[in-house]
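> Prediction below, plus the sequence it came from.
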Amino acid sequence: MMKNRFKIAIIGAGYMAEEYLKVLVNKKVYCEGIFSRTISKSRILKNKFKIKKLYKSLNDLKNDRQIDALIIAVNAESTNYILNNLEIPKYKILCEKPVGINYEQTKKIVSKIKNKHFYVALNRRFYSSNLKAGYLISKNKGKRLISIRDQELQNSKSKLYNKNLMYWNSVHLIDYINIYARGKLDKVEKIKKFKDNNFSENLTRLIFSSKDEVLYHCNWNSPGSWSVNVIQKDHSIEMKPLENLVQEKIIKGKRVRIMHDKEKIDLKFKPGLYRQISNFLNMLSNKKHKLVNLNDYFKTVKLINKMYV
């Protein structure tokens, strides 16, 4: 077993926690401890991934002075409890989205947390498709027409989840606006307003100072798919599903279509997670990284609020 340079604990014992642990073990980084309110699940992951300690309470974790980094991988309601009961400034943190259940709660958390080493896990930023698309788009300096297709189902037993699904799930799609649209947001035009708990649509047009335009279309409570399309003069990219990348160019008056293969790490692990953890470890080593800080994340949350409220 490799001796860890970092003393990392993980909070959570569900699907996402296990996906993180798969990557860490592959990189020969072993967690010092695990905490979950469901101790039986924690014990299973402790044994499976060679985790040293099982904390039976959040206080047990807080009292472990060896821990200097945390991965928080629980649902939004649990995240709020944890952030209100941990000594946040003492840790370097990677926290699964959403940080807050809605705009108001997120705003309070952002104003409260004074930790420059608090980062939010938006794994789609680290998709090989997104990184390649960003490179291809950057080669053309002209206007960008960005089309985003979203689809959400309010089918949870949790009314809180259903009501705030745009903050919990659509955040991934709307984050692409902050990735690809340049300049200051000048105009938000709500063409069709979202109606809660209905077969409904949100159709919103956004215009930026760079002249980039975004058309966001989400159909609620009906079948659909996620996609991102960026059109430039003589060039376009499409991600549908988001893990896949298709590039189109016009060369000598003819359309040329190029399929870009997924990288192996996005096939072996949950897409984006390997690179995200690599960046987290870089941050812990004081190396360059591209993690999403709290202010950057809140920029996307504010955009959701403008589009949906």
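Everything's here; your move. Numbers count the residues shown, from 1 in each chain.

> Okay, domains of the chain per the record?
By the assignment in automatic domain parsing, the chain contains the domains 8-123, 125-270+293-308.

> neighbours of Arg257, just the number please.
10 (other C-beta atoms under 10 Å). Any C-beta I mention is one placed from the backbone N, CA and C, and that applies to glycine too.

> What helix or strand is it located in?
Arg257 belongs to strand 254-260 when assigned by DSSP states H and E.

> Next one: the nearest residue to Leu122 once chain neighbours are set aside from Pro271, what distance?
Leaving aside its sequence neighbours, Leu122 sits nearest to Val292 (C-beta to C-beta, 6 or more residues apart in numbering; 5.1 Å). With distances taken as C-beta to C-beta, to the nearest Å, Val292 is found 16 Å from Pro271.

> Please apply the same query to Val23.
Between Val23 and Pro271 the computed distance is 12 Å (C-beta to C-beta).

> for His289, same thing?
Look at His289 and Pro271: by C-beta to C-beta, they are 19 Å apart.

> three-state assignment of Val228?
Classification of Val228 by DSSP: H, G, I helix; E, B strand; the rest coil places it in strand.

> Pull the contacting residues for it.
Each residue near Val228 by C-beta atoms under 8 Å, 6 or more residues apart in numbering is listed here: Ala133, Ile146, Ser147, Ile148, Arg149, Leu173, Tyr176, Tyr180, Glu238, Met239, Lys240, Leu242.

> ok, now with 10 Å
By C-beta atoms under 10 Å, 6 or more residues apart in numbering, the residues touching Val228 are 124, 129-130, 133, 146-150, 173, 176-177, 179-180, 237-242, 245.

> Please apply the same query to Ser278.
Counting by C-beta under 10 Å, 6+ apart, Ser278 makes contact with Val23, Lys27, Phe126, Ile265, Lys287, His289, Lys290.

> In this structure the second one contacts Ile277, no?
Yes: between Lys27 and Ile277 a contact is recorded at 6.8 Å, counting by C-beta atoms under 10 Å.

> what about those two, which has more around it?
Neighbour tally, Lys27 and Ile277, criterion other C-beta under 10 Å: the higher count belongs to Ile277, 25 against 13.

> Show me where the chain has its helices.
Here the chain has its helices, by DSSP state H, at 15-26, 39-48, 58-62, 76-85, 103-112, 128-138, 159-163, 165-168, 171-180, 265-268, 273-284, 294-308.

> Test of understanding: give the bridge partners of Tyr216.
Beta bridges link Tyr216 to Ile148, Thr204, judged by DSSP bridges.

> So what's the residue count around it?
Neighbour count of Tyr216, defined by other C-beta under 10 Å: 23.

> and if you look at Ser128?
Counted with other C-beta under 10 Å, residues neighbouring Ser128 total 21.

> cool, and the one 5 residues further on?
A total of 24 residues lie near Ala133 under the criterion other C-beta under 10 Å.

> what's near enough to touch the residue most central in space within the chain?
In the chain, the residue lying closest to the centroid (C-alpha atoms, centre = their mean) is Leu122, at 1.6 Å. Leu122 is in contact with 96-97, 171-172, 175, 178-179, 272, 276, 291-292, 296-297, 300, counting by C-beta under 10 Å, 6+ apart.

> One more pass at 7 Å, please.
Lys97, His172, Asp175, Val292 (C-beta atoms under 7 Å, 6 or more residues apart in numbering).

> confidence score at the third one?
What the model reports for Asp175 is a pLDDT of 98.

> so it makes contact with Lys302?
No: under the criterion of C-beta atoms under 7 Å, Asp175 is not in contact with Lys302, lying 11.9 Å apart.

> Which one's more surrounded, the two?
Each of Asp175 and Lys302 has its neighbours counted (other C-beta under 10 Å); Asp175 has more, 25 against 16.

> From Val171, how far off is the closest residue to the more buried one other than its chain neighbours?
Nearest residue to Asp175, sequence neighbours excluded (C-beta to C-beta, 6+ apart): Thr300, at 4.7 Å. Going from Thr300 to Val171 by C-beta to C-beta gives 6 Å.

> Good, we can wrap up now.
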